[in-house]
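Peer 1: could you work out the structure for the sequence below:
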Amino acid sequence: MTFNELNLIEPILKALETEGYKTPTPIQEQSIPILLKRKDLLGCAQTGTGKTAAFAIPILQILHEEHAERTHKNIKTLILTPTRELAIQIGESFAAYGRNLRIRHTVIFGGVPQGAQVQALNRGVDILIATPGRLLDLMNQGYINIKDISIFVLDEADRMLDMGFIHDVKRVVAKLPQKRQTLFFSATMPPEIQKLSTTLLHNAETVTVTPPATTAELVEQSVYFVDKKDKRQLLTHVLRDPAMKMVLVFTRTKHGADKVVKDLQKVDITAEAIHGNKSQNARQRALSNFKEGRIRVLVATDIAARGIDVDLLSHVINYEIPEVPETYVHRIGRTGRAGASGTALSFCDEEEMQDWRNILKITAQKIPVVEGHPYPMSQSGQITINLPKNKDVVRRPNAVAGSNGGNNNNRRRFSNGGGRAR
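Peer 2: Next up, the predicted model:
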């Protein structure tokens, strides 16, 4: 199927052509027709599946057909999202797909002065993309009225829960008109999110493009078992591979992210960190430097990275294993996006072994173990690993997973789990 078969208007088709889009992703193919019929939608899709376009494109078309672009008096669409980075990128998507329309949008978020945001609101907007805290703040100040909202999008609902925004979301929803079209997106569906969806949606259609804990198919995954004290040297070692041109490294903490950046800079590897303690300008500058190739490595915490969308991202490295298994799925979904291939490496020390077992269990996969690297886990750590039998051992020509370099003496075996290596 092509976008031409989705009954989209010519201005949007031209914008998609300008962006180089020809074939919709599964969530776009399934969601766009539903939304153009003005139906509520419950979408369960992991990151990197094209979710933003799945709702942005039909919203633009609906507003165009309703002639909303001619007045700009009242906000017609509200998109609520958990992070500043994600809000900005959603705004960029609306700008790209709506380039041939006269529909106005603006993005508001906390952590910066409100003056420019208030000025944009006063000029009139059709689509408002907001984080919960700043939205409620400006509503309380009287700058925003959402009584005329006809389309409401709750994006990344599970992350809203993780970040403690669920009560703010409920406060916003209480002020929305009862008659509206609601779009509810979440990568996972824990019980509280399921309960929230039932209160928001009316006769909703459901689109699930992959099971909640399924990793992206085109991402090649590998794990390195390593002592905690050797992770820094191992990271430097794998980054010597010239094929690793754009690398996103995940740490559990903000302090850990800053420390990794300092270590990399000491060995002349260009890197910057992005996390909640950084100012908005610093975060945007780091992301821009990464996208434009001025730095090779971006080190991030999970919350800060949720909105990172880089088309050519080649590698994701889990410098520290996440404690929540679903977080692993979201992390590696930063690469292998929209049909492209990617590589995800994980560094697992002895203390993280149970977290790694939980990931293998929830993803139901065999993830290759990289052997022959210079910093293997000590024997005391190795004996805690419940390795499969010899029939599951495979040989690969390199120690840096997914690369073309390395030597022929290095091997990778499979870590526990079902399914095949991807």
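Peer 1: any stretches of the stretch 251-400 of the chain with poor pLDDT?
Peer 2: 280, 303-309, 311, 336-340, 379-400 (pLDDT under 70).
Peer 1: now do the strands in the stretch 1-150 of the chain.
Peer 2: 41-44, 77-80, 105-108, 127-130 (DSSP state E, counting those that start in this stretch).
Peer 1: and the ones you listed, which one's lowest on average pLDDT?
Peer 2: Lowest mean pLDDT within these: strand 41-44, a mean of 92.
Peer 1: can I get it as PDB, trimmed to CA atoms?
Peer 2: Output in PDB follows, covering the C-alpha atoms of strand 41-44 (Å, rounded to 0.1, in the frame of the first residue of the first chain):
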ATOM      1  CA  LEU A  41      -8.400   5.000  18.700                       C
ATOM      2  CA  LEU A  42      -6.400   2.900  21.100                       C
ATOM      3  CA  GLY A  43      -3.000   2.400  19.700                       C
ATOM      4  CA  CYS A  44      -0.400   0.000  21.200                       C
END
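Peer 1: for residue 348, name its beta-bridge partners.
Peer 2: Assessed by DSSP bridges, residue 348 has beta-bridge partners residue 225.
Peer 1: from residue 231, how far out is it?
Peer 2: 10 Å (CB to CB, to the nearest Å). C-beta coordinates here come from the backbone N, C-alpha and C atoms, glycine included.
Peer 1: ok, those two, which is more surrounded?
Peer 2: Taking other CB atoms under 10 Å, residue 348 and residue 231 do not tie; residue 348 has more neighbours (25 against 19).
Peer 1: how many neighbours does the residue lying closest to residue 134 once chain neighbours are set aside have?
Peer 2: Spatial nearest neighbour of residue 134, excluding adjacent residues (CB to CB, 6 or more residues apart in numbering): residue 110 at 4.3 Å. Number of residues near residue 110 (other CB under 10 Å) recorded here: 15.
Peer 1: measure residue 110 to residue 84 for me?
Peer 2: Taken as CB to CB, the span from residue 110 to residue 84 is 7 Å.
Peer 1: please apply the same query to residue 197.
Peer 2: Relative to residue 84, and taking CB to CB, residue 197 is found at 24 Å.
Peer 1: and the average pLDDT for the helix or strand where residue 172 lies is what?
Peer 2: Taking DSSP states H and E as the definition, residue 172 sits inside helix 166-174. Per-residue pLDDT values over helix 166-174 give a mean of 93.
Peer 1: my read: the residue nearest to residue 134 touches residue 133, true?
Peer 2: Yes. Counting by CB atoms under 8 Å, residue 133 is a contact partner of residue 110 at 4.9 Å.
Peer 1: let me know which of the strands of the stretch 1-150 of the chain is tucked in deepest.
Peer 2: Sort those by mean neighbour count, taking mean count of other CB atoms under 10 Å, and strand 127-130 sits at the top with a mean of 26.
Peer 1: in its sheet, what does it sit against?
Peer 2: strand 77-80 (parallel), strand 105-108 (parallel).
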